[in-house]
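Colleague: missing the sequence, but the structure's below:
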């Protein structure tokens, strides 16, 4: 499968209108894959009668710590399916401690909505915590050691191709080139000069100006960078391509980024 052979669907008009997932089945398959590979699973109830938030971790005995999340927007099914694929493949570095949050918006993921059941965008709620989901997530995070790298999986129904956000304030060697090359094997990179309302640094790459104190709403990635990691990437597959293309694009980009990170000196 390559980007030349895959046509854009042109389904998304005004909102995400693509494929949906069977949430209960995907959740069960994802957790089963984690258990079969020796992950420790902590499931925290956050609301009576709602699906729990699941937090996964696995010790690798190494000095490095990797965090990966998905499913914070319920209308981005490729992110959760990519996480499931990554758990099933189990091709993580053997000497890295791993921390995974696979479905940060369980009600939205079950309903196919960007927001939670209270119409709160959880990925804009990491400063004021109106949602219980974000509050429970941060409570779990504050009990963990800092991560060396954080990667958040997303998709964007308005995108014209794959893109990523790079948060790298200490100017460490960028992982973006490896991720973009890998993603480009499966779908186009977004060529727009403005992507997601921000100037692009190059096709598919956004390096935003960081002024956390001036932002009234924080995404998960900004909270992580401010409190828990020196470097973070948000990967955005384009929702107007077929679901399995988006899944493979996210998987390939993450694996390439992690491989490049492991090749770097501590």
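Modeller: Great, that's in hand. Quantities reported herein were computed from a predicted structural model and do not represent experimental measurements.

Colleague: and residue 23, its phi and psi?
Modeller: The phi/psi pair for residue 23 (degrees, to the nearest 10) reads phi -60, psi -50.

Colleague: tell me how many other residues crowd the closest residue to it other than its chain neighbours.
Modeller: Closest residue to residue 23 apart from its sequence neighbours, by C-beta to C-beta, 6 or more residues apart in numbering: residue 110 at 4.0 Å. (C-beta placed from N, C-alpha, C; glycine too.) The tally of other residues near residue 110 (other C-beta atoms under 10 Å) stands at 20.

Colleague: quick check: which element contains residue 110?
Modeller: helix 106-111 (DSSP states H and E).

Colleague: and that helix, what's buried?
Modeller: Within helix 106-111, the residues that count as buried by 16 or more other C-beta atoms under 10 Å are 106, 107, 108, 109, 110, 111.

Colleague: for this structure, what's the longest helix?
Modeller: The residue-count maximum for a helix in the chain (DSSP state H) belongs to helix 243-263.

Colleague: buried residues, that helix. List them.
Modeller: Under the neighbour-count criterion of 16+ other C-beta under 10 Å, helix 243-263 has 243, 245-258, 260-261 buried.

Colleague: quick revisit: ok, now which ones touch the residue nearest to residue 23?
Modeller: 23, 24, 51, 74 (C-beta atoms under 8 Å, 6 or more residues apart in numbering).

Colleague: could you pull out the strands for this structure?
Modeller: Listed in chain order, the strands of the chain (DSSP state E) span 40-44, 53-58, 64-69, 96-101, 149-156, 163-167, 194-195, 198-199, 205-206, 232-238.

Colleague: each with direction, which strands does the fifth one pair with?
Modeller: Using DSSP bridges, strand 149-156 pairs in its sheet with strand 64-69 (parallel), strand 232-238 (parallel).

Colleague: ok, residues contacting that strand?
Modeller: By C-beta under 8 Å, 6+ apart, strand 149-156 touches 64-70, 72-73, 76-79, 82-83, 163, 175, 196, 220-221, 224-225, 228-229, 231-239, 246, 250, 254, 257-258, 261.
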